[in-house]
Structure formats: C-alpha cells, structure tokens
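Engineer: Fold the following and give me the result.
(chains A and B)
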Protein chains: 2
Amino acid sequence: MKNNRRFIKPARRYVLLAAISVLILVAAGVTMADSLLLKEQGSFFVGGRSVFTNALTGSTTGFLGNGINTGNITVDQMYVQYQIPEGADPHVPVAMVHGCCLSSKSYETTPDGRMGWNEYFLRKHRAVYLPDQVSRARSGFDATIYNEIKLGKRPASDMPEIRTATHELAWLLFRFGPSMGKPFPDEQFPVEAFEEFGKQVIPDLNAQLPMPNPTWTNLSLLAVKLKGVILMGHSESGFFPEQTALINPTDIKGLITIETGCPALNSDQSSKLNSEQISKLAKIPTLVVFGDHIEDVPSYPKMWKGRFDSCAEFVQQINAAGGDATMMHLPKYGQFGNSHMLMQDKNSNQVADLIIKWIDEHVENKHK
Amino acid sequence: MKNNRRFIKPARRYVLLAAISVLILVAAGVTMADSLLLKEQGSFFVGGRSVFTNALTGSTTGFLGNGINTGNITVDQMYVQYQIPEGADPHVPVAMVHGCCLSSKSYETTPDGRMGWNEYFLRKHRAVYLPDQVSRARSGFDATIYNEIKLGKRPASDMPEIRTATHELAWLLFRFGPSMGKPFPDEQFPVEAFEEFGKQVIPDLNAQLPMPNPTWTNLSLLAVKLKGVILMGHSESGFFPEQTALINPTDIKGLITIETGCPALNSDQSSKLNSEQISKLAKIPTLVVFGDHIEDVPSYPKMWKGRFDSCAEFVQQINAAGGDATMMHLPKYGQFGNSHMLMQDKNSNQVADLIIKWIDEHVENKHK
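Structural biologist: Residues are numbered from 1 along each chain as shown, chains lettered A, B, ... in the order given. Presented below is the predicted three-dimensional model:
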C-alpha cells in the first residue's frame, strides 16, 4: 500500500488532497443543509412577582400534610423558549405569541407533522422566541382563588371564567370548513390531522389576570432584554404586540397582528384608539394578516368580517398618521384556502415567506 | 491581480487550494464545536381521548357568548418536545419527566443561565424527549369540573386538590439549605438564582387525574413509538418509569429514578411491590439517584431518609431477583452538596456524566 504512494507525483498528491477536502466540504454542506445549526438555545422567564398566599393548597393540612398552607409564591411570570440559529446576526429576532386555548405549540411541528414556523424562521436565520402566555402552559397560573373556593373562603361564583374550545367549535371558529367534519374544497388546514390538533387545545385562564394583562408588560420586558424584537400575535393575542407597544414601545421593531379584531379582540364592542395612541403605534412598522373564507362559515360570518373590517380601518388610521402598515389578506397575495390557524396550514411555509419578505422590506429595510 | 496568478506554479496552486480547504474545514469545525447541530426537532402528543363536556366554560352563555356550552374536548393527552442531534444513531433516546409543581423547564436552561440536561445530553449525542406531565403545562388539563362548580352543578368541595410550593417550602423540601434563605456551606444549587427558580414552580393538578395516571400509559405509548427509550423521572415522577414498565415494559430500555420514594412517592405509607412485579422490573436496567444532605434539613430529615431507604431496599430487591439496579448516592460518587434539583445544581454536568456513564455501561453495554 505504502509503495503505491511513491507513484503519485507531488503535484497529483495536492490535487488529491484538494479534491478530498472539497468532497468533505460538500458532504458537510449536504449535512448542514438538512441539519439545523444553532448558535444557542434555552428558556427563561420575564416578569413575575412574589405574592403571599393563604391557600397554597385546597387542603387545611397543607402540602404533603405538613400543616403549612401559607407562604410566598410567584405569579404573572412568563416562560419564554428560544433558539438562535447560526447566521442570525443581521436579522431582528421574532417573538411568536399563541392564541386562546393554545400554547406555543401552535408554532412548532404542525398537526400533520411538518416543520412549524419556529423552525422555518430559524432556517431563514431568524432568532425565534416562543412565550407561553401568562396563566397558560409552562408560565403557570395563580391557583390561590381555586383553593380558597375549595376551602370555603369564598363562593364558587367567584371562580374565574375558564375557556376552552370543543372540537365542534374549533372546526367552525377556526374556519376549517362550513360545518363540522366538512372542509372547504380548497381548505389548507390539514384536516386529516384534526385529532392531533384537538390535543393542542388547552384551558385558557386569562380571565383571572389583572389589567393590564401581564403578558403585555412581560412582552415589553422581553423586547428591552433582547434590545430589539418583532412581536407577533395570533387570534386572542393578535393585538398584544400593539398593546405592548402602547405600554412601552422601546425596542419593538415591528408589529405582526394575525387574525384578530383591531384594536381589541371584540373590536365592535370596544372603544377605538385615540389619536395619540395611533401616533404612538404609527412609529413602528405594522403587518396585519388574514386568511381566506372570512365570510364563508355560516355560524360566524359576521364575527370574522367585523374583525377583518376593524383591522382594515386600523391599518388605514396608522397610514393616515404617517405610519407604515400593511393589510395582508392572503388571497390577495396568491394564497387561497387559509384557515384561522394559518401557521399550521399546508402552505404555512409560503405564508411565512410573505411575512419574512415583509420583515425584510419594512423592518430591516432591504430590497426596497 | 490576474497577472499575479501566473507566478503561482500549478503545484503551488493545489497546495494553496488544499490549505484553504483545510482552513475552511477547521473554521467549520470551530463553529460546530460551539454550535448545536440537530438532525431533527419538534413536538407531538401521545395519548389523549375525546370526551363530552357539558361545561365547556363556567358561563351559561358559552364560549364568546355563542350560547354553546357543550361538545367534545380532548383530555389526558401528553405533550412531548424533542430534539435529535447529529450522531445520535448509536444511542438510546432519553425521556426526562419533571416533578411536582414543575414542567419540562426543569431540564432546560438552569435558573442561573447554564446549559440544562436537555442540551448537555444532546451534546453527548443523545436524542432527548421532554414531556409535560398530563394535566400540566402544554399538556393542558380537563377544566370541566371547575366550570361545573362555577355553574353550581356540583359543590366546591368536589374541587380537586391543586398543589404548588411556596418559596419557603421549596427551599427546605428541595434541600437548598437548613433554613429559608440559608444555604448549606457546600450547597450546589445556584441559590443566587432562587428568584428565577421560583418562576418555574407552577400549580400541579395531578390529583384530578384518573388511575392509572395517564402519564404512565402515555410514557408507554412514547416508548413504543420511539422503538426504545430510557425513561427518567424526578421527585413526583421519580417512580413513573417503573410504573410505566409495570403497565407495559415494551421498548423501555432503562429506568432512571431520581430523588423519590420507592416503590411510590410516600413509600412508608404505600404497599410494597409483589415478587411478580419485582421480576418484571428486574428485566430492565435501573438506576436510582439521590443527592446530598439527605438528613440535614431539620424540617424534613425523616421524609428524605425514608425515601432513600425505601429506594435502597427496592434496588436490593431488583438485584436479588437477578436484575441490574444501581443505587447512586452522589456523595459516594464524589459529588457533594447536591440538592433535590440536582439537574440544576452547579455540578449538573458532572452528575449528567455519571448518568451517561451508567447508560453506556448498563443500557448500551459499552466499556464493560
């Protein structure tokens, strides 16, 4: 074997070495094209405060029967999971907030097993932050009131409204189709994985939160901590980016509002923003996104149309005040059949591309 | 510029090309040593069943006031987040289950901002699965009973026991020190980040779960889905790996029980396992881990000693039945000052190394 090397001339040896190096580089490139290369990942909390509880458990014998049922607990904290891909330095991070009766799971693997927006944005070199709303999922909630009711310290009628969504409600409300089990002919939601979607739906305890919603103040803390972030909200949290900016616009580089009512969820019942508030928001680039079939679900046509119209008006007001707001109604951008859960729809990557293009042009000021 | 190239002889050109290629490879290597290279990541649910609820909300007007307060919801599902690093093929995946009043956050970034066990295991080329226990965090819970109580359909005394831990309780129970605010001289828990730890503590609704605990059956579904997994439990879930194996041992390759009572959390009050159960468990390699200061917290010396002793007895029983069980009391392995939250202690990587060494030797049968 060794003898054979003698027959390879020095120049040829370098050719061989160069060729092997190139092959290794190509192989590494192929691996890296499939793999996800992360600079950093982890989780942390923002916000939260220590409060005294006199009903740590619903039992007079206390935790583990040690007789102690009082003490300090932390409430209103917000859990944030994050990943920073290699090559993210030139881009503004994106924080994606989930909607009612859901958690940050909304933005992870889709119900039919495709890559969620969190990973898609990572692969487009954007750092992604996924908060669970205060009082939901890993952020936890203050259980004191439930224990006080169990202990007879207050009446059952004091119990906060806990919300969730039945399968039947979700199908219609999220515009998977005109009636339970029946999808629209061009439906983009992966209805074959509806059972898996049903598992994402969890109870919503927002009704027990103080006002302003601690999620808003915590999102502001997140923006300041990151020294710049684009806030994205969906459905229940659709206007949270704006609510946060109204509290403190510092380090909020963009507002993305998906499928909600403007300026509040039930906009038809709520007051409009005043001109001072509009001026404040007009300083931040704003994107509003709506899917398809806005008026096509017999049970909810008015609700979605009302929300859509309120946001169209909001966009107009921001632009009239010198701002940069875009109304992205997906059918007008060539994407048809999108549901309320458009981050999980079969064309979710195409919708993400439209949003990333908006970020590049309106927040990062590229290709303009 | 172009003219200069003429002066580089062909052989030298290849030397240069080879040198540049090597430099690029080295640069890529440096990046990859710091970066995390993932083959795949995502999240999914295991288990869950559809049930009819007659109290979707605690309001007679229903969700969004649409008058509908009944329908089908999914309960008992378990959320699982996972990451598979490059190079994981030769190793058995590890599922890490959290304890009471906590979520999978336990295994992520430590309260003082260091890498958690999830990332440390990934960097040791192990796929990591992080479930949130059923009725906790992103797995959600069945809110029907609370809404029924609010609606006056059942008495407040029917409310399940909701558990959490005060800061004062956590300090003692988790053995951060002998009295609130005072750490042991050799304490490994990062007590300077105790406030951040307090934010991880969230309400525990396990008391409302049916038996057998759906987390156990779901962990079995996870094992079968993955075609092999090592189950790790901590504290409340410390014996969940064994409970799962007793239901169905299929595809469970190892059992890791951290800081709990054996065979059940309050082992002194519970019945022992029978010989048939011991024989069943003896077929799977088992590791039990305990930290330091077992008898050093004045309020809880007996509890921890009781748990420790019950597990020592369990290990003995497994080995007597021909099994391979190891009792890893960390001080005997050269790790001192560990708390109950040993996956977050300052020497968490060293503790992880001991566990990985045990996996290599007892589950993957290497270096034996």
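
Engineer: CA only for contacts and neighbour counts going forward, please
Structural biologist: Will do.

Engineer: For A:Ile279, grab the count of nearby residues.
Structural biologist: Careful, residue A:279 is Ser and not Ile. A:Ser279 sits with 18 neighbouring residues when counted by other C-alpha atoms under 10 Å in any protein chain shown.

Engineer: Show the contacting residues for the residue in the stretch 51-200 of chain A that chain B sits nearest to.
Structural biologist: Here the stretch 51-200 of chain A gets closest to chain B at one residue, A:Ala137, 3.5 Å apart by C-alpha to the nearest C-alpha. Applying C-alpha atoms under 8 Å, 6 or more residues apart in numbering or on different chains to A:Ala137 gives the contacts A:103, B:136-140.

Engineer: same check, this time on A:Leu122
Structural biologist: By C-alpha under 8 Å, 6+ apart, the neighbours of A:Leu122 are A:83-85, A:128.

Engineer: What's the first helix or strand after the strand or helix carrying it?
Structural biologist: Using DSSP states H and E, the element containing A:Leu122 is helix A:117-123. Remark: after helix A:117-123, the chain's next helix or strand is strand A:128-131, criterion DSSP H and E.

Engineer: can you give me the strands for the stretch 1-150 of chain A?
Structural biologist: A:36-53, A:71-85, A:94-97, A:128-131 (DSSP state E, counting those that start in this stretch).

Engineer: okay, the ones you listed in TSV with mean pLDDT and mean neighbour count next?
Structural biologist: Formatted as TSV, the strands of the stretch 1-150 of chain A follow (pLDDT from 0 to 100; neighbours: other C-alpha atoms under 10 Å in any protein chain shown):
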stretch	mean pLDDT	mean neighbour count
strand A:36-53	97	19
strand A:71-85	98	23
strand A:94-97	99	26
strand A:128-131	98	26
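
Engineer: wait, which of the ones you listed is closest to A:Ser339?
Structural biologist: Taking C-alpha to C-alpha, strand A:94-97 is the member of these nearest to A:Ser339, at 17.5 Å.

Engineer: With just CA atoms, put the closest one into CSV.
Structural biologist: The C-alpha trace of strand A:94-97 is given here as CSV (Å, rounded to 0.1, in the frame of the first residue of the first chain):
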residue,chain,number,x,y,z
VAL,A,94,-39.2,37.3,16.2
ALA,A,95,-41.3,36.6,19.2
MET,A,96,-44.4,34.5,18.3
VAL,A,97,-47.3,34.6,20.8
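
Engineer: Show me where chain A has its helices.
Structural biologist: A:2-6, A:10-34, A:117-123, A:144-150, A:167-173, A:194-198, A:214-226, A:240-247, A:275-281, A:301-320, A:348-358 (DSSP state H).

Engineer: how far out from the middle of the chain is the third one?
Structural biologist: Which is helix A:117-123. 12 Å (C-alpha atoms, centre = their mean, to the nearest Å).

Engineer: any idea of the mean pLDDT for that helix?
Structural biologist: Here helix A:117-123 scores 98 as its mean pLDDT.

Engineer: And the contacts of A:Ala137, which is closest to A:Asn147?
Structural biologist: B:Arg136 (17.0 Å).

Engineer: Return the residues in contact with the closest one.
Structural biologist: A:137-138, B:103, B:203-206.

Engineer: how close does A:Gly47 get to B:Pro85?
Structural biologist: Per C-alpha to C-alpha, to the nearest Å, A:Gly47 is found 32 Å from B:Pro85.

Engineer: From B:Ala143, how far off is the nearest residue to A:Ser157 once chain neighbours are set aside?
Structural biologist: Once flanking residues are discounted, A:Ser157 sits nearest to B:Lys150: 5.3 Å by C-alpha to C-alpha, 6 or more residues apart in numbering or on different chains. Distance, B:Lys150 to B:Ala143, using C-alpha to C-alpha: 11 Å.

Engineer: now do A:Thr286
Structural biologist: From A:Thr286 to B:Ala143 the distance is 36 Å (C-alpha to C-alpha).

Engineer: Which one's more surrounded, those two?
Structural biologist: A:Thr286 (28 against 23).

Engineer: so the more buried one makes contact with A:Gly322?
Structural biologist: No. Using C-alpha atoms under 8 Å as the test, A:Thr286 is too far from A:Gly322 to be in contact (11.9 Å).

Engineer: Tell me how many other residues crowd the residue of the stretch 201-350 of chain A found nearest chain B.
Structural biologist: Nearest residue of the stretch 201-350 of chain A to chain B: A:Ile202, at 4.6 Å (C-alpha to the nearest C-alpha). If you count neighbours by other C-alpha under 10 Å, A:Ile202 ends up with 28.

Engineer: show me what contacts it?
Structural biologist: A:101-103, A:164, B:138-141.

Engineer: Looking at those, which has the smallest pLDDT value?
Structural biologist: A:Thr164 (91).

Engineer: surely that one meets A:Asp204?
Structural biologist: Yes. Between A:Thr164 and A:Asp204 there is a contact under C-alpha under 8 Å: 6.0 Å.

Engineer: For the stretch 151-300 of chain A, give me the ranges with low pLDDT.
Structural biologist: Scanning the stretch 151-300 of chain A with the threshold set as pLDDT under 70 gives A:264-271.

Engineer: now the strands for it?
Structural biologist: A:229-234, A:252-258, A:286-290.

Engineer: Using CSV, lay out those strands together with distance to chain B.
Structural biologist: As requested, the strands of the stretch 151-300 of chain A are exported to CSV (distance: least, C-alpha to the nearest C-alpha, whole Å):
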stretch, distance to chain B
strand A:229-234, 17
strand A:252-258, 19
strand A:286-290, 20
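
Engineer: Take the ones you listed and write them to CSV, including distance to B:Thr110.
Structural biologist: Formatted as CSV, the strands of the stretch 151-300 of chain A follow (distance: least, C-alpha to C-alpha, whole Å):
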stretch, distance to B:Thr110
strand A:229-234, 24
strand A:252-258, 27
strand A:286-290, 35
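
Engineer: Which of the ones you listed sits closest to B:Pro241?
Structural biologist: strand A:229-234 (37.3 Å).

Engineer: Centre of the chain to the closest one, how far?
Structural biologist: 7 Å.

Engineer: For B:Cys262, state which of the contacts of A:Ile202 is nearest.
Structural biologist: Closest approach between those and B:Cys262, by C-alpha to C-alpha: B:Ser139, at 26.1 Å.

Engineer: residue contacts, that closest one?
Structural biologist: Here B:Ser139 is in contact with A:137, A:199-200, A:202, B:76-79, B:132-133 (C-alpha under 8 Å, 6+ apart).

Engineer: give me that answer again for 6 Å
Structural biologist: Listed by C-alpha atoms under 6 Å, 6 or more residues apart in numbering or on different chains, the contact partners of B:Ser139 are B:78-79, B:132.
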